[in-house]
Each structure stands twice: as C-alpha cells, then as structure tokens.
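**Student:** the following block contains a protein sequence and its predicted model.
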Amino acid sequence: MIVPNSQLAPVDRAAIALGASKHEQRLLMLAKSAGEIVAIANKAGYEQCHAQRVSLKFARVDIEKLGKAAREDATKFSKAVIAEERRLIGIIEPEETRLKALQDDWEAAQAAERAEAERVEVVRRDGIKALIVQRFTGVPTALLTASASAVQEALNAMNAQAIDADDYQDMTFDAENAKTLAVTQLNSIYTSAVDREMAEADRLARAEADRIKAEAAAAEARAEAERLRERLKAERDQRAVEDAARRAKEEADAALALSAQVELAADRKRQEELSAANAKSAKDALDAAEARIKKMEEDQEAERVPPVVAAETLEPEKLALEWVNQPNEAAQELVIPAIDAEEEAALVELEPAPAAALFVRPSDAEIIAVLAAAFDADESAVTAWLRDMNLNKTKEAS
C-alpha cells in the first residue's frame, strides 16, 4: 500500500525528499573510511587525508543541495497553504465577527441590567440599614455621655417603636435584633449615667468643701503673711535704728580718732620745733666753742701756754657733743673748759626754760638729722662719726 506524502510524518517526508535511503549507506562507508586515518606520517599520508576530506566535502555539498531544493519546495508549499487558508477563512470570517458583536452587545446589556438591579438593591438595603442605625444602632453611641434623664427618655421612645415590615421589608429580623441590642445598651448607659451623676454630685460636694477649706486656708495664709510683713517691718525699723546708732558711734569714734591724730600731729610738730630749736642752740654753742678754741689756739701759739692748759682747751668739741646728748639739767651743770663766765651765760640763755614739760630729749635719729643738716653731710656719715667718737672714748677710758 502506497501512503500519500501528506499522511506521512514530517521526518519521513524529509527522508524521502533528501533520498536518505539511497545516500545513507554511501555516507556511512565514507565516514568509516575516513575514520581509519588517525595521523599523518608522510606526504603520501597527507595526500590520502586530503583526498578523503575532498570526498567527504563533495558528499556534504550534494546533501546540502538536496536539502536546499527540498526546503524551497516546502517554502512554496507553505506559502500556498497559508494563502489558501486565508481565502477560505475570508468567506466566513465577516459573519463570525458580526455575530460576535451581536453577542457582545447583548451580554453588555444584560450586565448593565444586572448592575442596575444590584445598585438598586444596594441602595434599598443601605436605606434600610441607615434607618436601623438612625432608630436603633446609632442611638446608644450618641447618648454615651448624656444625662440619665435623656437616656431614659430615649429608652422609652425606643421601646414604643414597632418593627414595621413596610419600613424594613426583608431586613425586619435585622431591625428586631438591632432594637434588642440598642435597648440593652441604653439600659447599661442609663445605669452608668446614674452612677456618673452621683459621682459627679459627690465630686462637686467635695470640691465645694475643698474650696471653702482652701479659702479659709488662703485667708489664714494672708493673715499670717500680713503678720510676717509687720514683724519684718518692725525688724527692719529696729535694724535701721541700730544701724543709725552704730553709724553715729562710728562717726563719733572717727571724729575722736581724727582729733587724736590732729593732737598727736600738733604734739609731734611742737616736738620737732623744740628739737630744731635745741639743735640750733647746740650748733650755735658749738660754733662759739669752735671759734673760742681757734682763738685760744692762736693765743697759745702766740703766748706759748703750758701743755696742761692747752690740753684742757683741746676738748671743747667733744664736751659740746656730750652736752648735746645729755638731759637739760646735765647740760646746765656741764662746765666747758676755756669758756669764761660771759660765754657760759650766753650758752645758758640759748637753752629753753628748765621746765620739764617744755623739754623732751630728742631721739638718736633726730640728733643725727640735726648734725647732718648742720654739717651738710649724709646721716650715714654722721652715724659713722658718732661711732668713731664712742670708740675713741672707750680707748681713752681704757
């Protein structure tokens, strides 16, 4: 039985188009012959390998040509099949499209009717639900913080309402459940409101009592503050009086201290003046003594007096300094050699009055200052002179 090519499988049709049964054995033999060549050892081997490869190439090219011819025929056939397919479909496709459009329009109309019916149903049910909320469900929520009387009034009104099928239609059962739940909630809210109002009344009473107590405490605090202010004012006044007295005493003490300082300064000034007068008297006496000594030396030189008399007349300067350093009484009793009665009377007239209250022995520093001023020398030099004088006295005494 010969099977038409159209009924064969694509693989079988391809084998027939390429003559596979005729070429396969020859190609297997060529492949086996080529497989015997595994290496090239010499030129003859190279030539053998080249000849074998060319044989394989020619066989491959022949098969490729057969395949290309078969593909071109298949391509032409495929295009012809597609074109015929489109021609045949074009006969019925417009009617199919028209009928589908009719179906789509009908389905759209049906969907619109269903959507409208559903919308109307939703509106209806939403209206009934809103009515249930308005009459039952929403009432407890709105009265959560209301007074007990308002809750009781709403509870009475709700109990008086009847569930009418004309109003609630197929949701009558839902309305009854909502009413029952709302009544229960209102009862609970009423109880809470009563408790809350009682608690609020207690709170207000306590607040009033606390207010009265706070006002009394505030009044007492104000009175205490007033007493404290008066006490502080009295203390401030007392401190002010004490401060004024202390300042007056300090000012009086300061005045006394200033007066004492002035008195002390005046005494110091009088003492300085007295010391200056004593120093001047001493200097005048010293100058007179020096002049007398000088005159006596000149007279001795001229008269060639005995040595004993000359020795007595050589120490007036030392005796004058001792006289300066001695108290007033000692100075009056001191007899300076080589001074006659007239000169001694002149020295006595230079001394201040013998009253003890008018003469105070000058200090060493004052004596040094007077001698420094008299001889126009530094106080350190005068101190050195006096030290040398004391040293000489010590040597003479020894």
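**Tutor:** Structure's in. What do you need? Numbers count the residues shown, from 1 in each chain.
**Student:** so which residues of the stretch 101-250 of the chain form helices?
**Tutor:** Taking DSSP state H, counting those that start in this stretch as the criterion, the stretch 101-250 of the chain carries its helices at 138-142, 148-160, 165-168, 172-303.
**Student:** out of those, the one nearest residue 97 is which?
**Tutor:** Taking CB to CB, helix 172-303 is the member of those nearest to residue 97, at 49.9 Å. Any C-beta I mention is one placed from the backbone N, CA and C, and that applies to glycine too.
**Student:** per-domain residue ranges of this structure.
**Tutor:** As given by automatic domain parsing, the domain ranges for the chain are 1-35+50-138, 139-215, 267-397.
**Student:** any idea which of the ones you listed scores lowest on pLDDT?
**Tutor:** Comparing mean pLDDT across the domains of the chain, the lowest value falls on domain 267-397: a mean of 65.
**Student:** tell me the phi and psi of residue 376?
**Tutor:** Backbone dihedrals for residue 376, given as degrees, to the nearest 10, come out at phi 50, psi 50.
**Student:** nearest to residue 252, of the domains of the chain?
**Tutor:** Once these are compared by CB to CB, domain 267-397 is nearest, at 22.2 Å.
**Student:** number of residues surrounding residue 122?
**Tutor:** The criterion is other CB atoms under 10 Å. On that basis, residue 122 has 10 neighbouring residues.
**Student:** show me what contacts it?
**Tutor:** For residue 122, the contact set (CB atoms under 8 Å, 6 or more residues apart in numbering) is empty.
**Student:** ok, residue 270 to residue 277 distance?
**Tutor:** 10 Å (CB to CB, to the nearest Å).
**Student:** and what of residue 112?
**Tutor:** Residue 112 is 148 Å from residue 277, by CB to CB.
**Student:** now swap in residue 236 and tell me
**Tutor:** Residue 236 is 60 Å from residue 277, where distance means CB to CB.
**Student:** more crowded one of those two?
**Tutor:** residue 277 (14 against 10).
**Student:** one step back: dump the domains of the chain into TSV; add distance to residue 226 as well.
**Tutor:** Shown next, in TSV, are the domains of the chain (distance: least, CB to CB, whole Å):
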stretch	distance to residue 226
domain 1-35+50-138	60
domain 139-215	16
domain 267-397	60
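**Student:** which one of those lies closest to residue 249?
**Tutor:** domain 267-397 (26.2 Å).
**Student:** one step back: ok, which of the domains of the chain comes nearest residue 44?
**Tutor:** Closest approach to residue 44 among the domains of the chain (CB to CB): domain 1-35+50-138, 10.7 Å.
**Student:** now the closest one: how far from the chain's centre is it?
**Tutor:** Its chain's C-alpha centre and that of domain 1-35+50-138 lie 79 Å apart, by CA atoms, centre = their mean, to the nearest Å.
**Student:** same check on stretch 228-237?
**Tutor:** On CA atoms, centre = their mean, the centre of stretch 228-237 falls 44 Å from that of its chain.
**Student:** next: stretch 36-45.
**Tutor:** 95 Å.
**Student:** contacting residues around that stretch?
**Tutor:** 46, 48-49, 52.
**Student:** likewise stretch 70-77?
**Tutor:** With CB under 8 Å, 6+ apart as the criterion, stretch 70-77 contacts 14, 17-18.
**Student:** from the residues you listed, which is closest to residue 146?
**Tutor:** For the contacts of stretch 70-77, the nearest to residue 146 is residue 14 (93.4 Å; CB to CB).
**Student:** and the residue nearest to that closest one when sequence neighbours are not counted, what helix or strand is that in?
**Tutor:** Nearest non-adjacent residue to residue 14, counting by CB to CB, 6 or more residues apart in numbering: residue 70, 7.2 Å away. Here residue 70 sits within helix 43-132, counting by DSSP states H and E.
**Student:** and that helix, how far out from the chain's middle?
**Tutor:** 76 Å.
**Student:** repeat for stretch 373-383
**Tutor:** With CA atoms, centre = their mean, you get 74 Å for stretch 373-383.
**Student:** okay, buried residues for that stretch please.
**Tutor:** Neighbour-count burial for stretch 373-383 flags residue 382 (criterion: 16 or more other CB atoms under 10 Å).
**Student:** start and end of that stretch, how far apart?
**Tutor:** End-to-end span of stretch 373-383 (CA to CA, to the nearest Å): 13 Å.
**Student:** wouldn't residue 16 be in contact with residue 8 here?
**Tutor:** Yes - Residue 16 is within contact range of residue 8, at 7.4 Å (criterion: CB atoms under 8 Å).
**Student:** how close does the residue sitting furthest away from the middle of the chain get to residue 295?
**Tutor:** Distance from the C-alpha centroid of the chain, by CA atoms, centre = their mean, peaks at residue 303 (110.0 Å). For residue 303, the distance to residue 295 equals 12 Å [CB to CB].
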